[in-house]
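**Q** Sequence and predicted structure are below.
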Amino acid sequence: MKRILLIDDDQNLVSLLSSYLIGEGFFVHSVYDIRSALVVLKKDSPDLIISDIMIQKLNGYDFIKVLKLDPFVFHIPVIFLTAKGMTADRIKGYNLGCHAYLTKPFNPRELLAIIKSIFRNIEILQKRSIYSATRTFASTNISTNLTPRERSILKLVVQGYMNKEIAINLNIGLRNVEKYIGRLLSKMNCRNRIELAKLIMDFD
């Protein structure tokens, strides 16, 4: 379930929009100011942020500036909901790194379409990255000291397969898969499978 952080000081809008998005299958954490949003981000990282711009004290523009300076959350896509509909306002939002800009009043279905489009584009980029990394892996020097079985398992690790899925895919025992993973971690000098996958993908 995708998690959305909703920030707006209009409590009626927050209530209605939260109910709508929850009904569409999202988990929604709503807050009424930027400071509360920053507290939430310290505890949990949402998949997408929807924020009003015209908020007292810290506004939406200030918020996105803070996000882009934090290496742990700078990648989270941001949608601005605002009554500020001037071209200059939209340009400022896009220049600061927002993914979409929707002017109030808006149709919730349009917002939903934007959200789905953002998630779909992220998924496409991730799949392309995995595919490219897997294809590049076959010709990299890093694989020269691996056995054919180790190379097969490593490719599946890069593609996100878990040990049980690898065992089924290659028709081998789960314990054997665990042993191969251990050898790969040792050969690649990695602490876990995440580091192992990242090491291969960095060669893209």
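**A** The structure has been received and is ready for your questions.

**Q** Pull out the buried residues from stretch 93-113.
**A** 93, 96, 98-102, 111 (16 or more other Cβ atoms under 10 Å). Heads up, the C-betas are built off the backbone N, CA and C, glycines and all.

**Q** so which two of those residues are the farthest from each other?
**A** 96 and 111 (19.5 Å; Cβ to Cβ).

**Q** So the chain: which segments form each domain?
**A** Following automatic domain parsing, one finds the domains of the chain at 3-106, 127-201.

**Q** Excluding residues flanking it in the chain, which one is nearest the spatially most central residue of the chain?
**A** What sits nearest the mean C-alpha location of the chain, by Cα atoms, centre = their mean, is residue 47, with 5.3 Å. Spatially, and ignoring its direct neighbours in sequence, residue 47 is nearest to residue 2 (4.6 Å; Cβ to Cβ, 6 or more residues apart in numbering).

**Q** Distance of residue 7 relative to residue 92?
**A** 18 Å (Cβ to Cβ, to the nearest Å).

**Q** So those two - more neighbours on which side?
**A** Between residue 7 and residue 92, residue 7 has the larger neighbour count (other Cβ atoms under 10 Å), namely 25 against 16.

**Q** Quick one: residues contacting that one.
**A** 30-34, 36-37, 49-52, 55, 60, 63 (Cβ atoms under 8 Å, 6 or more residues apart in numbering).
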